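Colleague: Generate coordinates for the sequence data below:
(one chain, ligands or ions: 1)
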Amino acid sequence: MGFFAFRARSRCGYPEAVIENLPPCPKCSCEYTYEMNALVVCPECGHEWVPAEGGAQAGEGSGEKVVKDAVGNVLSDGDSVTVVKALKVKGSPSGIKAGTKVRNIRLIDGVDGHDIDCRIDGFGAMQLKSSVVKKA
Ligand SMILES: [Zn+2]
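Modeller: Modelled structure (predicted):
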């Protein structure tokens, strides 16, 4: 009897169509999640959630990452900021002075914690850390 019960369960396993490129359950990390309407549902723990939009596309819709300036203002593309402390710049004797205005920043996922791409007069294209600027 036990043998048949086991066989029956195996045959009723999750259909192949279920195993798509859906994210695993954030609660129990079960991989057999499936889509229902706009939700992703976990068959293991019953957790339902809205899948991250375009999460698989690198660089697209970075809605999850929030970049904040030195005092906690949320920064976004196109913002103008002011540098709050003097920064050394390779090849420049003066560096960037505190109070330097930077217009039209672009948020990036740069190396070494640099998350702002911008252009500073007299210096050209630069990458800054959000911790050294303040929203203007
Ligand atoms: Zn789950």
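Colleague: Spell out which parts of the chain neighbour the ion.
Modeller: With the criterion set to CB under 5 Å from the ion, the chain comes near the ion through C25, K27, C28, C30, C42, E44, C45, H47. All C-beta spots, glycine's among them, are computed from the backbone N, C-alpha and C.
Colleague: Just the buried ones from the residues you listed, in PyMOL syntax?
Modeller: Typed into PyMOL, the line below selects the buried ones among the residues of the chain next to the ion, using 16 or more other CB atoms under 10 Å:
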select buried, resi 25+42+47
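Colleague: Which segments of the protein make up each domain?
Modeller: Under the assignment automatic domain parsing, the domains of the chain span 16-55, 67-135.
Colleague: Please identify the most buried of those domains.
Modeller: Across the domains of the chain, averaging neighbours per residue (mean count of other CB atoms under 10 Å) puts domain 67-135 on top, at a mean of 15.
Colleague: quick revisit: just the closest of the residues of the chain next to the ion to V133, please.
Modeller: Of all those, V133 sits closest to K27, with 37.1 Å by CB to CB.
Colleague: Mind pulling up the pLDDT for that closest one?
Modeller: pLDDT for K27: 94.
Colleague: cool, G13 as well?
Modeller: On the pLDDT scale, G13 gets 50.
Colleague: element containing the residue lying closest to I108 once chain neighbours are set aside, please.
Modeller: Computed as CB to CB, 6 or more residues apart in numbering, the closest residue to I108 that is not its neighbour in sequence is D117, at 4.5 Å. Following DSSP states H and E, one finds D117 within strand 116-120.
Colleague: residues in contact with that strand?
Modeller: With contacts defined as CB atoms under 8 Å, 6 or more residues apart in numbering, strand 116-120 is touched by 67, 75, 81, 96, 100, 102-108, 110, 125-130, 133.
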